[in-house]
Structure formats: structure tokens, C-alpha cells
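> Everything below, folded, please.
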Amino acid sequence: MRRESPAVIEKGFWRGVKAAASTREFATQLLEGAVARAGEIDKLVERHARGWTLERMAAMDRAILRLAVGELRSTGTPPKVVINEAVELAKKFSSEDSAAFINGILDAILKESEAAAR
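Model (predicted):
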């Protein structure tokens, strides 16, 4: 959100959070993957966010969407789990409306991915 490098963000974040090494590794993988593929992810999100541009979206919603799409595209985490976690993040750090908005976009992306896989 502040356009800092993933390393700077990670350093600041982990200073105040305790987590297992495996959790840190997974979170780092998600963050770095989302940053590395931000252009591709942003195009996908905008295509499915009818009537919305990234600039109009709340910064927190963009961040949640980027992480979730990155996770959908690069891990073996079940898609429904990824979507549920993204919705919960939105409820906690954004708004109830954002939760529904994020759910709709991620569901559309998932359906498109599933259709392309068939």
C-alpha cells in the first residue's frame, strides 16, 4: 500500500508478530509473489471488478485481492479456503461491503480459471 519493497514490509511486520518459521515462509512467499506479479494480477482483478478501476478501490481491498489472487495462482491451497480467508480479512480490516465485493471478484476469477481448465 505504501509502495515499499517486500523486504522492508516484512521486516517491519515481523518485528511485532510471533509466528512459526513455516508461517513466516508462507506469508513471505505470498507477499513476494503478489508483488512480482502485480501487473498480471491487477489486470485480472480489473477485468472482474465490473464498473471499478483499481484506483477507485480501497487500498486495503486491493491489497487483499492481490494476495488472494496470488495465492490462488501459486499455491495448492483450496480455492474456497483462499476466498474465505480473503473475505475474513476484509471484514476485519476493511468493511462488510468490501467483504462482499472481494468475494464476488474472487469467485468470478475462480470460475474463469475452472472454465479454462476444462
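> State the number of residues packed around the residue nearest to Trp52 when sequence neighbours are not counted.
Distances taken as CB to CB, 6 or more residues apart in numbering put Glu46 closest to Trp52, at 7.4 Å, once the chain neighbours are dropped. Yep, even glycine has a C-beta here, placed from its N, CA and C like the rest. When neighbours are counted by other CB atoms under 10 Å, Glu46 registers 15.
> Which of the helices or strands spans Glu46?
Secondary-structure element containing Glu46, defined by DSSP states H and E: helix 38-48.
> Residues contacting stretch 36-44, please?
Applying CB atoms under 8 Å, 6 or more residues apart in numbering, the contact partners of stretch 36-44 are 34, 54, 65-66, 69-70, 73, 109.
> same thing with stretch 105-118?
Against stretch 105-118 from outside (CB under 8 Å, 6+ apart): 44-45, 48-49, 65, 68-69, 72, 79, 82-83, 86.
> Throw the residues you listed into JSON lines and include distance to Asn103, pLDDT and neighbour count, thanks.
Formatted as JSON lines, those follow (distance: CB to CB, whole Å; pLDDT from 0 to 100; neighbours: other CB atoms under 10 Å):
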{"residue": "Leu44", "distance to Asn103": "16", "pLDDT": "95", "neighbour count": "21"}
{"residue": "Val45", "distance to Asn103": "13", "pLDDT": "97", "neighbour count": "24"}
{"residue": "His48", "distance to Asn103": "12", "pLDDT": "96", "neighbour count": "18"}
{"residue": "Ala49", "distance to Asn103": "12", "pLDDT": "94", "neighbour count": "21"}
{"residue": "Leu65", "distance to Asn103": "11", "pLDDT": "97", "neighbour count": "27"}
{"residue": "Ala68", "distance to Asn103": "10", "pLDDT": "97", "neighbour count": "28"}
{"residue": "Val69", "distance to Asn103": "13", "pLDDT": "96", "neighbour count": "27"}
{"residue": "Leu72", "distance to Asn103": "13", "pLDDT": "94", "neighbour count": "20"}
{"residue": "Pro79", "distance to Asn103": "12", "pLDDT": "96", "neighbour count": "17"}
{"residue": "Val82", "distance to Asn103": "11", "pLDDT": "97", "neighbour count": "21"}
{"residue": "Ile83", "distance to Asn103": "6", "pLDDT": "97", "neighbour count": "20"}
{"residue": "Ala86", "distance to Asn103": "8", "pLDDT": "97", "neighbour count": "23"}
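> Cheers, nothing more for now.
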